[in-house]
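J.: got a sequence here, can you model it:
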Amino acid sequence: MEALDARPEGLSLSEISRTIGSPKNSVSRLVQTLMVRGYVERDEATMIIRLTGKLLRLGHPRVGRVSLVECALEPMRALRDVVGETVQLGIPIGDEGVVIEQVESTQAVRICVEIGLRFGLHNNAPGKVLLAFQHPKAREKAVQRLKLARFTDRTITTKEALRLECERVVKLGYGTDWGEADEGIHCVAAPVFDRPNHLLAVVWASAVAGRMPKSTFAKVGVEVMKAAREIERRLQA
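T.: The predicted structure is shown next:
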């Protein structure tokens, strides 16, 4: 996989064998396993083997040679300073999201999670954004697959309510949750696109409910969207 990462244009089976110093038969078995798991793909016309996006999403995503995290950190810090709360960055992995970076609030009591934490798509602001901004057909398939477990009294637990919430999120340009995953924790999230209509990531602010009541969601939403647009600008610079 390291050899393929160094050659994004791809390698033939023989080239991989020579590069890593393993017999061709052994390499062939490894490649077959990775193909089955979805980590590599092979062009049937040229037989060139390349990494897929599945593996790349396990690390820090990139747009070309530009790191998403590197582009996001400064806008995340600026957002943290404006809203005074922890700011986090996540990406989609299947029917979940995963936290890949965070900038902690300077408040004595603050929201903080482990990098790599996975979250659902129906009960929190970043998850709703990752669901809502998919292509409509992909979004509907995801809605059908999701199990809408209840976490608090405010968790969305019906498919129709989730569809309506997705429409609301797309219309507003940002997603919110008010203690829908965890009591007393509020979040406001916005999508990050790497090209038109293609969702790359989500950025959001998390706070204890008393410091980010529902009445502030619209104001915070504007600031989170500004941060998302700045991340996009840096990705394309």
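J.: can we go C-alpha only for contacts and neighbour counts from here?
T.: Noted.
J.: please name the nearest non-neighbouring residue to the residue positioned nearest the centre of the chain.
T.: The residue lying closest to the centre of the chain (CA atoms, centre = their mean) is Ile91, at 1.1 Å. Nearest non-adjacent residue to Ile91, counting by CA to CA, 6 or more residues apart in numbering: Ala201, 4.5 Å away.
J.: now the element after the helix or strand hosting that neighbour, going C-ward?
T.: Assigning secondary structure by DSSP states H and E places Ala201 in strand 198-208. With elements assigned by DSSP H and E, the helix or strand that comes after strand 198-208 is helix 217-236.
J.: avg pLDDT for that following helix?
T.: For helix 217-236, mean pLDDT is 96.
J.: going along the chain, name the strands of this structure.
T.: 40-42, 49-51, 62-63, 66-67, 86-93, 96-103, 118-119, 175-178, 185-195, 198-208 (DSSP state E).
J.: want to throw these into a markdown table with mean pLDDT and distance to Arg145?
T.: What follows is the strands of the chain, written out as a markdown table (pLDDT from 0 to 100; distance: least, CA to CA, whole Å):
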| stretch | mean pLDDT | distance to Arg145 |
| --- | --- | --- |
| strand 40-42 | 87 | 25 |
| strand 49-51 | 85 | 27 |
| strand 62-63 | 56 | 28 |
| strand 66-67 | 77 | 31 |
| strand 86-93 | 93 | 14 |
| strand 96-103 | 91 | 12 |
| strand 118-119 | 90 | 15 |
| strand 175-178 | 96 | 21 |
| strand 185-195 | 95 | 22 |
| strand 198-208 | 95 | 20 |
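J.: in JSON lines: the ones you listed, plus distance to Leu79.
T.: As requested, the strands of the chain are arranged in JSON lines below (distance: least, CA to CA, whole Å):
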{"stretch": "strand 40-42", "distance to Leu79": "37"}
{"stretch": "strand 49-51", "distance to Leu79": "34"}
{"stretch": "strand 62-63", "distance to Leu79": "22"}
{"stretch": "strand 66-67", "distance to Leu79": "19"}
{"stretch": "strand 86-93", "distance to Leu79": "7"}
{"stretch": "strand 96-103", "distance to Leu79": "9"}
{"stretch": "strand 118-119", "distance to Leu79": "22"}
{"stretch": "strand 175-178", "distance to Leu79": "16"}
{"stretch": "strand 185-195", "distance to Leu79": "12"}
{"stretch": "strand 198-208", "distance to Leu79": "8"}
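J.: report the residue ranges of every domain in this protein.
T.: 2-56, 62-236 (automatic domain parsing).
J.: please identify the most buried of those.
T.: domain 62-236 (a mean of 19; mean count of other CA atoms under 10 Å).
J.: how far out from the middle of the chain is that one?
T.: 8 Å (CA atoms, centre = their mean, to the nearest Å).
J.: please apply the same query to stretch 17-29.
T.: With CA atoms, centre = their mean as the basis, the mean position of stretch 17-29 lies at 34 Å from the chain mean.
J.: heads up, I number from 414, so please use that
T.: Will do, 414 is the new start, and the previous item becomes stretch 430-442.
J.: any idea of the mean pLDDT for that stretch?
T.: 93.
J.: output it as CSV, restricted to C-alpha atoms.
T.: The C-alpha coordinates for stretch 430-442 follow below in CSV (Å, rounded to 0.1, in the frame of the first residue of the first chain):
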residue,chain,number,x,y,z
SER,A,430,6.7,-7.2,-6.9
ARG,A,431,10.0,-5.5,-7.8
THR,A,432,9.3,-2.5,-5.6
ILE,A,433,8.6,-4.4,-2.4
GLY,A,434,10.8,-7.4,-3.1
SER,A,435,8.2,-10.1,-2.9
PRO,A,436,7.4,-12.9,-5.3
LYS,A,437,4.8,-12.1,-7.8
ASN,A,438,2.5,-15.0,-6.7
SER,A,439,2.5,-13.6,-3.1
VAL,A,440,1.8,-10.0,-4.3
SER,A,441,-1.0,-11.3,-6.5
ARG,A,442,-2.7,-12.9,-3.4
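J.: fine by me, thanks again.
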